[in-house]
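Asker: Okay, predicted coordinates and the sequence, questions at the end:
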Amino acid sequence: MSRIGKYPVIVPQGVNVDIKDNVVTAKGKLGELHYDFDNSLINVKLEEGKVVVAPLSESKRSRTLWGTVKARINNLVLGVNEGFKKELELIGVGYKSRVQGSELILSIGFSHDVIFPAPEGITITCTSPTQITVFGADKDLVGQTAAEIREYRKPEPYKGKGIRYVGEYVRRKEGKKK
């Protein structure tokens, strides 16, 4: 039995949720997001300012999707109301970043600067030359964008240089011995 799926998603003030066929649409101050679910396995209803998710059968697939669909709908509602953010930090001598228009420009030890265009719906800011903040309404897109930025220079285990999430622990290795 899903413990996550049992509890309804509470829709806050200022967010409109609409359910038609197998599409849940959430509109709020940060935009509009959609989520498609399998309506042959899961039932989604809007009752008194709450979204209630329930499985239609006792099949393993239906019960598996129950908690997933509830969590995805919760992410829609939180995203259009508050938004999500990921913070990255650059560790290394001479590593710096800046935002120019909607592009992130990274100087991370290559012979050239790396230019990363921000996807639609994502805001990238640099609070300092070594801090990057990725903000947006879509949780999946925020996480994917942060992962793509980190992919340019992953933290290496010997000196710890690279791009890492704020608070990420990088396991260090011992260097060569004479």
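Answerer: Good, I have the coordinates. Residues are numbered from 1 along each chain as shown.
Asker: what about this protein, any weak spots by pLDDT?
Answerer: In the predicted model, the chain carries pLDDT under 70 at residues 1-2.
Asker: So which elements touch the lengthiest helix in it?
Answerer: Of all the segments of type helix in the chain, defined by DSSP state H, the longest one is helix 60-81. With contacts taken as 3 or more C-beta pairs under 8 Å, 6 or more residues apart in numbering; DSSP states H and E, helix 60-81 sits against helix 3-6, strand 9-10, strand 23-28, strand 31-36, strand 42-47, strand 50-55, helix 139-151. Where C-beta positions appear, they are placed from N, C-alpha and C, glycine not excepted.
Asker: how about that helix: buried residues?
Answerer: Of the residues in helix 60-81, 62-63, 65-67, 69-70, 72-81 count as buried by neighbour count, 16 or more other C-beta atoms under 10 Å.
Asker: next one: stretch 43-62
Answerer: Neighbour-count burial for stretch 43-62 flags 44, 51-55, 62 (criterion: 16+ other C-beta under 10 Å).
Asker: Same question for stretch 108-117.
Answerer: 108, 116.
Asker: List of residues touching it?
Answerer: Contacts to stretch 108-117, defined as C-beta atoms under 8 Å, 6 or more residues apart in numbering, come from residues 90, 92, 94-95, 102-107, 124, 148-149, 152-153, 161-163.
Asker: switch the cut-off to 6 Å
Answerer: 95, 103-107, 149, 152-153 (C-beta atoms under 6 Å, 6 or more residues apart in numbering).
Asker: I am finished for the moment; much appreciated.
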